Structure formats: C-alpha cells, structure tokens
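Mind looking at a prediction? Sequence and model below.
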Amino acid sequence: MDNIQQTQAQKKYQQRVNERMPKSKIASQCLRAFIAGGLICCIGQAVRAFGAQTLQLDEKNVAAFTSIVMVFLGATLTGLGVYDKIGSWSGAGSIVPITGFANSIVSPAMEFKREGYVMGVGAKLFSIAGPVLVYGISASVLVGLIACMVR
C-alpha cells in the first residue's frame, strides 16, 4: 500500500515538473548556432582572401595569417564584452570556430583582472584552455610515436 502511494506521489511530482519546466527551443538554437558559426567562418574566409589576394601570401602563410587574425578578433571582442553577447545569442555556434578558443583563454583572465596582472590575469589565462592544450599536445605526441613505431 505504501509503494502505491509513493508511486502516485512520484507521478504527481513528475507531472508538476513537466508543467513548470521551460520548453526546449532546439530548432531555434540550432539555427542561431548555424548562423553565428557561419558568419564567423565567412569572416575567416574574407580574412583568408585578403591575405591571399591583397597581401600576396603563399598558402602556408595565409593559413597562419588567418588563424592569427581570427584569434586576435576573438580575444579583442572578448575583452570588450562583445563575444559574450554573441555567445549568449548563438550558443555553440560561437565556440566551435577558432575564435571560441580565443574566448576560452581570455574570459577567465578578464574575470580575475581585478586580482592583478600576475595573480589574476596570468594565473587564470589558461585555466579553461590549459587542460585542452595539455591533453591535445599529449595525444598528438603519443599518436606521433605510435606512427613512428608502426612504420
């Protein structure tokens, strides 16, 4: 008898949760992510075209130029507080491109700026991106070693 009451209470609770839970907006969130990510990539393509056509850079240098400019733009927009607004509107669309990497480095540093440049900015600069870099570099070294042994 006690189990039946408990399951009815659980059902009633679940019903209340479902009534009050905000409805998911997956379609609009996906569309926003697609638009923002696409615009960021279009800007990157424009920077790439500028480097190739106007600056006459070769293929290797135009790739480096594009990466540097996009990281600079992402870091600058984060420092000005603009990238956070883009991220809140677009969600994952703003973190996937290389500008999202710049944002993940600069955001923690900006948050702890009031603690000073050494203990605040310097100490927190890689708090989010640091583990990604460590594991990414470690994995690439291991894959490289395995590839050398297999040959």
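Arrived safely, thanks for sending.

how about the helices in this structure?
2-20, 26-49, 59-79, 82-90, 98-111, 123-124, 129-150 (DSSP state H).

I'd like those helices written out as TSV, with mean pLDDT added.
What follows is the helices of the chain, written out as TSV (pLDDT from 0 to 100):
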stretch	mean pLDDT
helix 2-20	77
helix 26-49	93
helix 59-79	92
helix 82-90	90
helix 98-111	78
helix 123-124	68
helix 129-150	85
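
Please identify the deepest-packed of the ones you listed.
helix 98-111 (a mean of 20; mean count of other Cβ atoms under 10 Å). Using the backbone N, CA and C atoms, a C-beta is placed for each residue, glycine as well.

From the chain's centroid, how far away is that one?
8 Å (Cα atoms, centre = their mean, to the nearest Å).

CSV for the helices of the chain, including distance to Y117?
As requested, the helices of the chain are exported to CSV (distance: least, Cβ to Cβ, whole Å):
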stretch, distance to Y117
helix 2-20, 46
helix 26-49, 29
helix 59-79, 14
helix 82-90, 21
helix 98-111, 9
helix 123-124, 10
helix 129-150, 18
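
For the residue positioned nearest the centre of the chain, give me the backbone phi and psi.
Note on the chain: the residue nearest the mean C-alpha position is I95, at 2.5 Å, using Cα atoms, centre = their mean. Phi and psi for I95, reported as degrees, to the nearest 10, are phi -100, psi -10.

you'd agree it is up against N103?
Yes - with contact defined as Cβ atoms under 8 Å, I95 counts as touching N103 (7.1 Å).

Mutual contacts of these two, please.
G87 (Cβ atoms under 8 Å, 6 or more residues apart in numbering).

Now L77: closest residue in space that isn't a chain neighbour?
Y83 (4.0 Å; Cβ to Cβ, 6 or more residues apart in numbering).

swap in I86?
In space, I86 is closest to S94, 5.0 Å off (Cβ to Cβ, 6+ apart).

How many residues are close by that neighbour?
S94: 25 surrounding residues under other Cβ atoms under 10 Å.
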